[in-house]
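Trainee: Quick one: sequence and predicted model below, then my questions.
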Amino acid sequence: MKTKLKNFKAQKSNVCLLLCVMMLVFTSCKPHVSLNGASIPVEAKTVSVGFFTNNTSLGAPSLSQRFTEKLRDVVSQQTSLALMKANGDLQFEGYIATYDVAPIAIQSTDQASMNRLTISVYVKYSNKFEASKNFEQTFSRFADFKTSENISAKEPELVQEIYRQLTEDIFNKAFNNW
C-alpha cells in the first residue's frame, strides 16, 4: 500500500512539473493571429490603406483609384482587421512610381513583336506594435502583350493582372515576412 501511495505522489508531482513547464513555454510566446498564413499581431484590430497617388506621366487617370481599391480588397478579404480611412494599427501608404510600355522582343525587321507594360508602386508600411516589421519598398511587376494588340484595348486586362501580383507581393511582405 505504501508503494502505491509513493507512485501516486511521484506521478502527481511529475504532472504538476509538466503543467508548470507548459505554462511557462506558452506564456513566453508572443501570440499572433494567423489567417491564410498571415502573421498579424494579436493587438492589431485595424488597418488603413491610404490613397496611392499616380506620380507617373502615363496611364489612365483611374490607375490610382483602382490600385488603392485592389489593395484594400486584398487586406480586408485576407485578414479580420477592420478597414479604416486613416490611422490604423497597421498602415499602408504610397504612390504609383512607374507606368512604362517598352518593346522587349525584336523581330528580324527591327520591329518589336512584343511589348511590356511595367508598373512600380512605392509602399510605406507601418506596424504600431512591431516596428521591426515596418518597411519602405518599391514593388514592380509587368505583363507582356503583342505589338499588334492595341494597348488601349489591352490595358484594363494587363493592369488588373499586374495589380493582382503587386498586391499579393505587398500583402506577403507585410503579413507573411516574405
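Mentor: Okay, I see it. Remember, it's a predicted structure, so these values are computed and weren't measured experimentally.

Trainee: mind listing the strands for this structure?
Mentor: 32-35, 38-41, 46-49, 53-54, 82-84, 90-106, 112-127, 135-146 (DSSP state E).

Trainee: among these, which is the most enclosed?
Mentor: Between the strands of the chain, the one whose residues have the most neighbours on average, counting mean count of other Cβ atoms under 10 Å, is strand 46-49 (a mean of 21). Where C-beta positions appear, they are placed from N, C-alpha and C, glycine not excepted.

Trainee: Using PDB, list the CA coordinates for that one.
Mentor: Listed next in PDB are the C-alpha coordinates belonging to strand 46-49 (Å, rounded to 0.1, in the frame of the first residue of the first chain):
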ATOM      1  CA  THR A  46      -7.500  48.000 -37.600                       C
ATOM      2  CA  VAL A  47      -5.700  48.600 -40.900                       C
ATOM      3  CA  SER A  48      -5.700  51.700 -43.100                       C
ATOM      4  CA  VAL A  49      -4.800  51.900 -46.700                       C
END
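
Trainee: is residue 139 in a bridge, and if so with what?
Mentor: residue 121 (DSSP bridges).

Trainee: I'd say it and residue 168 touch.
Mentor: No: the pair residue 139 / residue 168 is not scored as a contact, 9.7 Å apart, by Cβ atoms under 8 Å.

Trainee: Need the overlap of contacts for the two.
Mentor: Applying Cβ atoms under 8 Å, 6 or more residues apart in numbering, one finds that no residue jointly contacts residue 139 and residue 168.

Trainee: returning to what we had before: distance to residue 64 and mean pLDDT for the strands of the chain - can I get that in a markdown table?
Mentor: Written out in a markdown table, the entries for the strands of the chain read as follows (distance: least, Cβ to Cβ, whole Å; pLDDT from 0 to 100):
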| stretch | distance to residue 64 | mean pLDDT |
| --- | --- | --- |
| strand 32-35 | 28 | 40 |
| strand 38-41 | 25 | 81 |
| strand 46-49 | 12 | 98 |
| strand 53-54 | 4 | 96 |
| strand 82-84 | 18 | 95 |
| strand 90-106 | 6 | 93 |
| strand 112-127 | 10 | 94 |
| strand 135-146 | 15 | 97 |
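
Trainee: Alright, that wraps it up for me.
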